[in-house]
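In: A predicted structure for the sequence below; I have some questions about it.
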Amino acid sequence: TMTTASTGGAWIGNANTVATVAAGTGFVAGLSAGTVNISYRVNATCYVYKTLTVNGVPSTTISGPNSVCAGGQVTLTHPTAGGTWAVSNTRATINTAGVVTGVTAGAFVVTYHTAAGCFNTMPATVNALPAAIGGAASTVCAGSAITLTNTTPGGQWSSADASIASVPSAPGLVTGVAAGITNISYTVISTGCAATRTVTVYAVPGAITGTTQICGTGSTTLSATPGGGTWTRSSTTVNINSTTGVVTGVGAGTSTISYTLAGNCRSTTVVTVVALPAAITGTLTICEGVVATLTSTTANQTWSSNN
């Protein structure tokens, strides 16, 4: 709007293809790029004027994604250098490099102002993140599975590294593949916004080796790889050294022996303790050629001689 202290005149523009001016108010509307003389005339010979420049609207537009997830970032660009960025509300922020950060879900407008004072706009949206991933566990043994859940509809599951843990697109059954750490994501298909949980996969020890039958109070040494695990028993028919894997019989019966590594991943085997037969009775000294009978009250045993 043009102004003057004089009264009784009218506003006139000399090139109305560039701009028009309202005779009574001095309000100027730009029509096309160029210059125009805007004058205020009291009569044909008494007037003042001012040259006004109308800058052209940028022929290019803002480039880049028009949506961003809450907490996420996208980068916008404009081919006209030297301008400034702005957003219309607090649902998002934008820095001098055109990086937009989503704050809360909803609509906003991005504006790029050129140095000449013209601007381009782009409507944009901040999309909400899905609900947090549910499920009690974030660890799993290789070869085992845990179930993760999400209450937001319309999403699918994925693993950042399927060689560590795999997950089908539904319903969130995560299977450990090999020891390591990976991110499991639930992504809403319509927005691309995701919730993520870090899952750790622990290695399962190798099979337990060693003799699994003990006579009476005898002992056996079990082993498994890798080292550093803990040995435990399921019953008091045996005692076991938690670090060496030495198993000692206590009473007749069976006990499940476990070798456990980090993440509670384990291998198991069953050790059987067999009771010693009853003592042998009978004549234990005989002459050559003489026959003697030995007995034991334990039935169904086999007699043998070591010489």
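Out: Received the coordinates, thanks.

In: contact partners for V271?
Out: 212-214, 220, 222, 238, 247, 254-257 (Cβ atoms under 8 Å, 6 or more residues apart in numbering). Every residue, glycine included, has its C-beta placed from N, CA and C.

In: try T293
Out: Counting by Cβ under 8 Å, 6+ apart, T293 touches 282-283.

In: how about G106?
Out: G106 neighbours (Cβ under 8 Å, 6+ apart): 89, 91, 125-126.

In: can you pull up the bridge partners for it?
Out: V126 (DSSP bridges).

In: would you mind listing the buried residues in stretch 183-191?
Out: For stretch 183-191, the buried set under the neighbour-count rule, 16 or more other Cβ atoms under 10 Å, comprises 184-188, 191.

In: hmm, I was thinking of stretch 173-183
Out: Buried residues in stretch 173-183, counted by 16+ other Cβ under 10 Å: 174-177, 179-180, 182.

In: ok, the contacts of G106 vs T272, which is closest?
Out: V126 (65.6 Å; Cβ to Cβ).

In: separation between that closest one and V250?
Out: 67 Å (Cβ to Cβ, to the nearest Å).

In: look at the two and report which has more neighbours.
Out: Neighbours were counted for V126 and for V250 using other Cβ atoms under 10 Å; V126 has more, 24 against 17.

In: and stretch 118-134, average pLDDT?
Out: Mean per-residue pLDDT for stretch 118-134: 95.

In: now do that stretch: distance to the chain's middle.
Out: In terms of Cα atoms, centre = their mean, to the nearest Å, the centre of stretch 118-134 is found 20 Å from the chain centre.

In: how about stretch 193-200?
Out: Centre to centre, stretch against its chain (Cα atoms, centre = their mean), the figure for stretch 193-200 is 2 Å.

In: before we move on, the earlier item: kindly reformat the buried residues of stretch 183-191 as CSV containing pLDDT, distance to N300 and secondary structure.
Out: Output for the buried residues of stretch 183-191, formatted as CSV (pLDDT from 0 to 100; distance: Cβ to Cβ, whole Å; DSSP: H, G, I helix; E, B strand; the rest coil):
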residue, pLDDT, distance to N300, secondary structure
I184, 97, 57, strand
S185, 97, 63, strand
Y186, 97, 62, strand
T187, 97, 66, strand
V188, 97, 69, strand
T191, 96, 74, coil
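
In: alright, I will stop here.
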